[in-house]
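Novice: Provided below for reference: sequence and predicted model.
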Amino acid sequence: MLKNFFPNKILSLQNKTINILVVFLLIVLIIGILYSFFLSPPDYVQGNSVRIMYVHVPSSFISLGCFTFLGIASIISLIFKIKFLPLISKSLAPIGCIFSLISIVTGSLWGKPTWGVWWAWDARLTSMLILFIFYLAYICTWKFIDDYEKANKISSSIAIIGLFNLPIIKYSVDWWSTLHQPSSITLTSSPTIHYTMLIPLLVMLLGMTIYSIIVFLIRYKIEVLKFKINKKKN
Amino acid sequence: MLSKKVKPRIFFLFILLISIAILIFIILKSLEKNVVYFFSPTEIYSNDNISFDEKIRVGGLVKKNSIEKNNTTINFVITDLKKEIIVSYTGLVPNLFAEGKGVVAEGKLEDKKYFIADKILAKHDENYMPPEVKKALDN
């Protein structure tokens, strides 16, 4: 399994694999969108604005998941100097970044009809904005520092420091009083979302995850190619 | 198993991570007043240093049967089921503002039992369900 991510393996990635994934993505997304727009019921307090959740929650999940990988991979790569790990992180970062932005924008669109404001400086929203800034900082170090070793060290430090932000995002709604509601899906208790709303949420999560995997595979292949070309030049 | 080069790196990172964690903990602890988005009526009651001149936020549930409307002014009671605070507000309220639901009011304290709000935010909980299920649950 892990061997498939080795640089030489990814270079043999065929367009066929991507195409299969794209077909799969379209099917899941169409089901997900139909379900979340038409089949799922409105909420008993929020009405139809609850449908924003089906984009908002999966985006947040993916952006948090990507950063978790970035942080842990950075620790491992700083210790063991594994060459291909930074390349994986580098290809994942823009995906997580764009999804954290989507999460903030959809959250803002959801906040206006429910809370009455676009934005509030509460702990959850602020820590999510900080995550987005960490993503930008991470991407910028790779963009603007040409030396690979140097860029790797700086971006890894950013990812490791940003790792501490993740539990703050996750538990902000439990630790402090926030405008944002607590989590509906937790590991310890059953979800507080009715199953007719939980299903489209999970389908959308699956769809967005497949999308992320496709973009990741393409980006990762390009990053490995770039890395090899740079190596040959020097 | 671990080479000589790797061990000091692990040690260094370990120390660094712990010190960052402690640093962040201290920062958050000292900023706790600012991190908290709103105070509950109990916190306002028991806190002697609460400011009457600065804007603060009070949050809790809108007490049942407490909403009184005169023209554009609306009076209601925020409760955390232990202490209560009367809120007076002029203006439009969000759609989700209702009795028994969560609310956050922004404004100034007149005294510990009376609050003049200039902004009302509705707060909803983590329960999502269709209206029919809610009806069935209530019956």
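Specialist: Done, it's in.
Novice: pLDDT weak spots in the chain?
Specialist: All of this is about chain A. Within chain A, the segments meeting pLDDT under 70 span A:1-5.
Novice: my question was about chain B, not that one.
Specialist: B:1-2.
Novice: may I see the buried residues of the one helix or strand A:S59 maps to?
Specialist: Here A:S59 sits within helix A:53-80, counting by DSSP states H and E. Buried residues in helix A:53-80, counted by 16 or more other CB atoms under 10 Å in any protein chain shown: A:53-67, A:69-71, A:73-75, A:77-79. Heads up, the C-betas are built off the backbone N, CA and C, glycines and all.
Novice: do that helix and chain B meet?
Specialist: Yes - remark: helix A:53-80 sits within contact range of chain B at A:M53, A:I75, A:L78, A:I79, A:F80, by CB under 8 Å from any CB of the partner chain.
Novice: against which helices or strands is that helix packed?
Specialist: Packing partners of helix A:53-80 (3 or more CB pairs under 8 Å, 6 or more residues apart in numbering or on different chains; DSSP states H and E): helix A:84-114, helix A:123-144, helix A:148-163, helix A:165-175, helix A:195-233, helix B:6-30.
Novice: most tightly packed of those helices?
Specialist: helix A:84-114 (a mean of 21; mean count of other CB atoms under 10 Å in any protein chain shown).
Novice: the helices and strands packed on helix A:53-80: which one's closest to A:L21?
Specialist: Minimum separation from A:L21 across the helices and strands packed on helix A:53-80 (CB to CB) falls at helix A:195-233, 5.0 Å.
Novice: from B:V36, how far off is the residue positioned nearest the centre of chain A?
Specialist: Centrality entry for chain A: nearest residue to the mean C-alpha point is A:S63, 2.2 Å, by CA atoms, centre = their mean. Applying CB to CB, to the nearest Å, the value for A:S63 to B:V36 is 25 Å.
Novice: and the gap between the residue most central in space within chain B and B:G107?
Specialist: Chain B has B:F38 as the residue nearest its centroid, 3.7 Å off, counting by CA atoms, centre = their mean. Relative to B:G107, B:F38 is positioned 11 Å away (CB to CB).
Novice: ok, B:V58 next?
Specialist: From B:V58 to B:G107 the distance is 8 Å (CB to CB).
Novice: for B:K83, grab phi and psi.
Specialist: The phi/psi pair for B:K83 (degrees, to the nearest 10) reads phi -120, psi 160.
Novice: surely it is in contact with B:P41?
Specialist: Yes - counting by CB atoms under 8 Å, B:K83 does reach B:P41; the two are 4.0 Å apart.
Novice: which element is B:F76 on?
Specialist: Assigned by DSSP H and E, B:F76 falls in strand B:73-79.
Novice: need the contact list for A:S212.
Specialist: A:I62, A:C66, A:I95, A:F99 (CB atoms under 8 Å, 6 or more residues apart in numbering or on different chains).
Novice: scratch that, A:V45 is what I was asking about
Specialist: A:V45 sits next to B:L96, B:A98, B:K101, B:H124 when contact means CB under 8 Å, 6+ apart.
Novice: got it, and A:F24?
Specialist: A:F24 neighbours (CB under 8 Å, 6+ apart): A:I210.
Novice: look up how far A:G207 lies from it.
Specialist: 9 Å.
Novice: could you chop chain B up by domain?
Specialist: With domains defined by automatic domain parsing, chain B comprises B:1-35, B:36-123.
Novice: of the helices and strands packed on helix A:53-80, which approaches B:Y89 most closely?
Specialist: helix A:84-114 (18.3 Å).
Novice: wait, does the closest one contact chain B?
Specialist: Yes - contact of helix A:84-114 with chain B (CB under 8 Å from any CB) involves A:P113, A:T114.
Novice: between B:V58 and B:G107, what contacts are shared?
Specialist: B:V87, B:F115.
Novice: okay, those two: which has more neighbours?
Specialist: B:V58 (22 against 18; other CB atoms under 10 Å in any protein chain shown).
Novice: any idea what the more buried one is bridged to?
Specialist: B:F39, B:A105 (DSSP bridges).
Novice: pretty sure it contacts B:I78?
Specialist: Yes - here B:V58 reaches B:I78: they are 5.7 Å apart, a contact under CB under 8 Å.
Novice: which residues do the two both contact?
Specialist: With CB under 8 Å, 6+ apart as the test, B:V58 and B:I78 both reach B:P41, B:I85, B:V87, B:A105, B:F115.
Novice: let's see which of those residues end up in strands.
Specialist: B:I85, B:V87, B:A105, B:F115 (DSSP state E).
Novice: can you list those residues in JSON lines and add neighbour count?
Specialist: Formatted as JSON lines, those follow (neighbours: other CB atoms under 10 Å in any protein chain shown):
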{"residue": "B:I85", "neighbour count": "25"}
{"residue": "B:V87", "neighbour count": "22"}
{"residue": "B:A105", "neighbour count": "24"}
{"residue": "B:F115", "neighbour count": "23"}
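Novice: out of the residues you listed, which two sit at the greatest distance?
Specialist: Maximum distance among those (CB to CB): 8.7 Å, for B:I85 and B:A105.
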